[in-house]
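**Student:** the sequence and its predicted three-dimensional model are supplied below.
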Amino acid sequence: MNNSILYAGAAMLILIAAGFGAGLYLYASCRREIRTVRYVLTLKDGEVEALSTKLSEDLKALSERVEMAEDRAGVLVPPTPPPSGLNLARRSQAIRMLNRGAEPGVVAAALSLPRPEVLLLARVRQLAPPLPMPVIDPESP
């Protein structure tokens with residue numbers, strides 16, 4: 001009986017020592033993992049700062065380019081608007097042809113004008129009041 005108590009006490013001490021050893025191993029491995037993560041984060045932090053600096057420099061360069069482009073745009077003269085497709089000579093000729101009774105399609109083809117513009121001229125001419133006819137006195141010399 002004396003030996004069994006001794007063995008039971010020794011077994012208990014061995015289990016306590018094994019538990020303490022396992023806890024000590026877990027503590028050391030956690031510390032090593034924390035140290036590794038801190039090192040990696042320090043490296044990544046340096047990369048983030050370098051990337052941030054590079055992005056700031058690129059942004060400054062782009063803003064300078066935008067300012068230069070705005071300066072150049074202020075110097076440039078805006079383009080002249082394209083001339084209208086229907087000048088006065090063609091317009092008066094189209095009105096004369098329409099007054100003679102020509103169809104809008106024929107007028108458009110003859111003057112190389114878009115048909116919608118000739119149709120618009122015909123409508124405007126119809127809405128306009130008629131021009132007074134000059135009175136010619138047959139007795140005047």
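**Tutor:** Here it is on my side, so go on.

**Student:** so which strand or helix has residue 36?
**Tutor:** For residue 36, the host element (DSSP states H and E) is helix 2-75.

**Student:** what's the pLDDT at residue 125?
**Tutor:** Confidence at residue 125, expressed as pLDDT, is 80.

**Student:** list the buried residues for whichever strand or helix holds it?
**Tutor:** With elements taken from DSSP H and E, the one containing residue 125 is helix 115-127. Buried positions in helix 115-127, judged by neighbour count with 16 or more other CB atoms under 10 Å: 117, 118, 121, 122. C-beta coordinates here come from the backbone N, C-alpha and C atoms, glycine included.

**Student:** distance check, the residue nearest the centre of the chain against residue 60.
**Tutor:** Central residue of the chain (CA atoms, centre = their mean): residue 66, 15.4 Å from the mean position. From residue 66 over to residue 60 the distance is 11 Å, taken as CB to CB, to the nearest Å.

**Student:** just give me the neighbour total for residue 102.
**Tutor:** When neighbours are defined as other CB atoms under 10 Å, residue 102 has 16 of them.

**Student:** give me the low-pLDDT residue ranges for this protein?
**Tutor:** Judged by pLDDT under 70, the chain has its weakly predicted residues at 1, 74-86, 131-135, 137-141.

**Student:** cheers, nothing more for now.
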